[in-house]
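**Student:** need the 3D shape of this:
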Amino acid sequence: SREAVKMAAVRAEPLQLLLKAPSKDVVRHLCRECFSSAAPNSSLLVDNAVTSLSITSEEAQQLICSLHCFTRRVVFQGLTSAEEIFPLFPDNFHQNLKNLLTKIILENVASWRSEALANHISLPRLIDMDWRVDIKTSSDNINRMAVPTCLLQMKIQDDATICQNKPTISTVSLELSKEKLDTMLDGLGRIRDQLSAVANK
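**Tutor:** Numbering: from 1, shown residues only. Here you go, the predicted model:
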């Protein structure tokens with residue numbers, strides 16, 4: 001959602017501290033280290049960032065948390081191309097650093113995804129749902145008719161581990177025709193039957 005992207009962009013601001021890095025290898029090393037779930041609480045990682053970037057401990061902490069959140073959001077949202085990652089950066093973000101970070105992330109995203117699955121980073125959770133039936137007027141050159149549609153709104157909660165245990169909630173809205181709803185309900189019915197079968201074993 002736009003709200004989620006905006007939040008990610010705001011958190012990306014501390015990443016510009018990486019402009020102080022003496023080499024691309026330093027940036028690459030920090031990116032790899034900061035994906036770990038232990039990174040935000042690692043004093044060793046803070047000390048390394050302070051030394052390699054010549055920044056304060058507070059700045060290092062902000063950078064590590066930002067890099068941690070950013071890399072995990074990329075993995076969590078299943079982003080696999082530069083075009084998908086670029087919108088997560090603020091509009092005024094340093095272009096060369098943006099390109100470098102995106103390149104490093106894409107180099108590591110496959111292994112990070114495997115690590116995330118191994119550590120059971122959860123997928124988005126449905127926490128609430130609302131719906132209503134609406135009538136749309138469909139017209140063509142011959143007939144004018146009322147078409148019923150279902151407006152479905154779902155509230156989705158992100159994994160709390162993505163950013164300092166502060167899960168974000170986004171809203172997804174769908175408009176479904178009767179045919180689309182029938183297809184969806186048929187699929188959900190099959191899922192329910194399979195879950196029941198597994199539960200009864």
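**Student:** tally of neighbours for T102?
**Tutor:** Using other CB atoms under 10 Å, T102 has 20 other residues around it. To be clear about C-beta, it is placed using only N, CA and C from the backbone, and glycine gets the same treatment.
**Student:** residues contacting it?
**Tutor:** By CB atoms under 8 Å, 6 or more residues apart in numbering, the residues touching T102 are 82, 85-86.
**Student:** measure it to V75 for me?
**Tutor:** T102 is 14 Å from V75, where distance means CB to CB, to the nearest Å.
**Student:** hang on, the earlier thing: out of the contacts of T102, which end up buried?
**Tutor:** Using 16 or more other CB atoms under 10 Å as the burial test, those include I85 as buried.
**Student:** from the contacts of T102, which land in helices?
**Tutor:** Residues of the contacts of T102 located in helices (DSSP state H): 82, 85.
**Student:** can I get the contacts of T102 in a markdown table including pLDDT?
**Tutor:** Output for the contacts of T102, formatted as a markdown table (pLDDT from 0 to 100):
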| residue | pLDDT |
| --- | --- |
| A82 | 94 |
| I85 | 93 |
| F86 | 92 |
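**Student:** now the strands for this protein?
**Tutor:** Using DSSP state E, the strands of the chain run over 125-139, 144-157, 169-177.
**Student:** any idea how far the shortest one is from the chain center?
**Tutor:** What it means is strand 169-177. Centre-to-centre, strand 169-177 and its host chain are 17 Å apart (CA atoms, centre = their mean, to the nearest Å).
**Student:** what packs against it?
**Tutor:** Strand 169-177 sits against strand 144-157, with contacts defined as 3 or more CB pairs under 8 Å, 6 or more residues apart in numbering; DSSP states H and E.
**Student:** what pairs with the strand it packs on, parallel or antiparallel?
**Tutor:** Pairing partners of strand 144-157, with direction, according to DSSP bridges: strand 125-139 (antiparallel), strand 169-177 (antiparallel).
**Student:** what is the least confident helix or strand in the chain?
**Tutor:** Lowest by mean pLDDT, DSSP states H and E among the helices and strands of the chain is helix 2-11, with a mean of 45.
**Student:** which regions of this structure lie under the pLDDT threshold?
**Tutor:** 1-11, 119-124, 138-145, 158-168, 201 (pLDDT under 70).
**Student:** list the buried ones in the top helix by length along it?
**Tutor:** Using DSSP H to define each element, the chain has its longest helix at helix 95-118. By neighbour count with 16+ other CB under 10 Å, helix 95-118 contains the buried residues 97-98, 100-102, 104-106, 108-109, 112-113, 116.
**Student:** please consider this matter closed, and thank you.
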